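**Q** Fold the following.
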Amino acid sequence: LEIQHKIEYLFYFNSFAIGGLFIYYINRIFNPAGYFVLAGDVCLFLFIATSLIAIRLKKIYNVTFSVIFIPIAILFYNVIRLYAIDQEISQISIFSTLSFLMFGLLYLALFSVRINQLIFFTLISAATLILNCFFIINGPFGFSVTDSAIFYLIGALIELGAGYVIAVMILRLNINLLKTTEKKLIQSREQYATLFSNIVDAFGLVKIITDDVGRPEDIMILEVNRAAEKLLKLTRDEVVFRKVSEVLNPELTDTGTWLEDISAVACTGNELHKTFYSKKLNLWFNVQIFSPELNYCALLFRDITTKVESDYALKRIQERNIALLEAIPDTLLVCNKDGLIITYKRAPIKLIENESVFETGSYVSKANLPAALIGQLLDSIAEVFQSNMLKTLVLEIPTGARIVYAETRLLPLGNNEVLILFRDLTRRILSEKALKIEKEKAEESDRLKMAFLSNMSHEIRTPMNAIIGFSELLGFSDVDDTERTEFIY
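**A** Next comes the predicted model:
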């Protein structure tokens, strides 16, 4: 991980360095220099080029080794160039050389991975400074000898040593930071590994195996978790790094689509979701297939048997409820507190909806009913929400030619909805009214009959009393024949 980060940062650095060199070389075109200056330019170019090649090969040690071209470039710029044209080498060139060498130390502090690389470059840098001072003091073409050159060299070496110490501190700080980051990453990976092993869904990482022409021919299992072991009824050691065709049930591989689906995901990177039923396991699974990288796939098997069975049972219940609702010979609607009609089912036969009275998504207040009836219905809805109890009333709905009597039942559904059922009672109410009229007529007829019989009884009873009285007199013994004749006639 440390090397990977350093290579990434080094690539960005070299990208900027290439841009700087490009501008620098353009300047050389308009300001020609000697061969030794060009040689120094070539060394800088080799420094960048070697770094880029090492980055491409991911060889961090070779990347930091390329910094050796910096001291060589310094010798060409500050020593060999002046030596070739027979000019005196300035004492200040020591600090010019030192600035280049300090850059090299900083470069290694940021991008090297071992302290011995810093030690090696520091020794090379010290030798470069000594060589520079040597040419200043003992030039073969009569360069001037100055006692202060030794002091300049000592000061430069001290600064080089200080630069080495700082570079070591920077390197160790980077290493400690990277180790801390790597430790946290390892802990995070361990946590994810624990989570991966303990998730309830079966997980597997696989790789596509291709033939000589690149066509998928099989799948190799690279990793499985505990849930997958339980599902396959095999241990991890029995399936990892083996082909699917060798270890899995034929049911999972002979469907003809698994290899095709996994190969398509591994090649295209498009995620795939599918649901299938295992007859052998008697289970339903939802499978998620995704590709973390080319030719690799991760599979997540989730047991959805309970959900499928619940959905099926719910579907059966819904179908049964729909059938029951369809069988109810009533008009049904559900509305909220505001009177918004959420559900509306018309009766299977024409009752009160000879015209379109209600509409789903509309309001009860906009129904095709008289204002008084709408007000009565809205008041009843508010009363039901307030009392949370069933309310029953009969509405007289005018429909043009006749009046429809509708029994209306309002039942609360939760806290925000009410169920309203309308049942046509017109025939029953009209029949009851007709029966009431016939009953009243029968009672009047019976009353007249009783009055007639009472009157007739009085009229008959008066002469009958006289007849009965004289009949009783004829039976008395003290009445003679003359008197009996008189009674009779």
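**Q** helices or strands up against whichever strand or helix holds Glu444?
**A** Following DSSP states H and E, one finds Glu444 within helix 426-474. Packing partners of helix 426-474 (3 or more Cβ pairs under 8 Å, 6 or more residues apart in numbering; DSSP states H and E): strand 403-413, helix 481-488. Using the backbone N, CA and C atoms, a C-beta is placed for each residue, glycine as well.
**Q** Now the weakest link among these, please, by mean pLDDT.
**A** Mean pLDDT per stretch puts helix 481-488 lowest among those, at a mean of 66.
**Q** next helix or strand past the worst-scoring helix or strand of the chain on mean pLDDT?
**A** Taking mean pLDDT, DSSP states H and E as the measure, the chain has helix 250-253 as its least confident helix or strand, at a mean of 52. Using DSSP H and E, the helix or strand that follows helix 250-253 in sequence is helix 258-268.
**Q** Please work out which residues outside that following helix touch it.
**A** Here helix 258-268 makes contact (Cβ atoms under 8 Å, 6 or more residues apart in numbering) with 206, 208, 216-219, 244, 252-253, 270-272, 274, 289-291, 294-297, 299.
**Q** Buried ones only from those residues, please, as a ChimeraX command.
**A** The ChimeraX command for the buried members of these (criterion: 16 or more other Cβ atoms under 10 Å) is given here:
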select :206,208,216,218,219,244,252,253,272,289,290,291,296,297,299
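**Q** and the strand or helix carrying Ser188, what's its mean pLDDT?
**A** Under the criterion of DSSP H and E, Ser188 resides in helix 148-198. The average pLDDT within helix 148-198 is 72.
**Q** Which strands or helices does it pack on?
**A** Under the contact definition 3+ Cβ pairs under 8 Å, 6+ apart, helix 148-198 sits against helix 2-30, helix 93-111, helix 115-137.
**Q** between it and helix 115-137, how big is the angle?
**A** Calculated by axes from the mean of the first three to the mean of the last three Cα atoms, to 10 degrees, helix 148-198 forms an angle of 160 degrees with helix 115-137.
**Q** Which strands or helices does the next helix or strand after helix 148-198 pack on?
**A** Counting by DSSP H and E, the element after helix 148-198 in chain order, helix or strand, is strand 202-210. Packing partners of strand 202-210 (3+ Cβ pairs under 8 Å, 6+ apart): strand 216-224, helix 226-232, helix 258-268, strand 296-303.
**Q** want to try TSV for these, with mean pLDDT and distance to Leu453 as columns?
**A** Output for the helices and strands packed on strand 202-210, formatted as TSV (pLDDT from 0 to 100; distance: least, Cβ to Cβ, whole Å):
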stretch	mean pLDDT	distance to Leu453
strand 216-224	87	106
helix 226-232	85	97
helix 258-268	85	100
strand 296-303	90	90
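**Q** Export those to a markdown table and append columns for distance to Leu38.
**A** Shown next, in a markdown table, are the helices and strands packed on strand 202-210 (distance: least, Cβ to Cβ, whole Å):
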| stretch | distance to Leu38 |
| --- | --- |
| strand 216-224 | 54 |
| helix 226-232 | 65 |
| helix 258-268 | 50 |
| strand 296-303 | 50 |
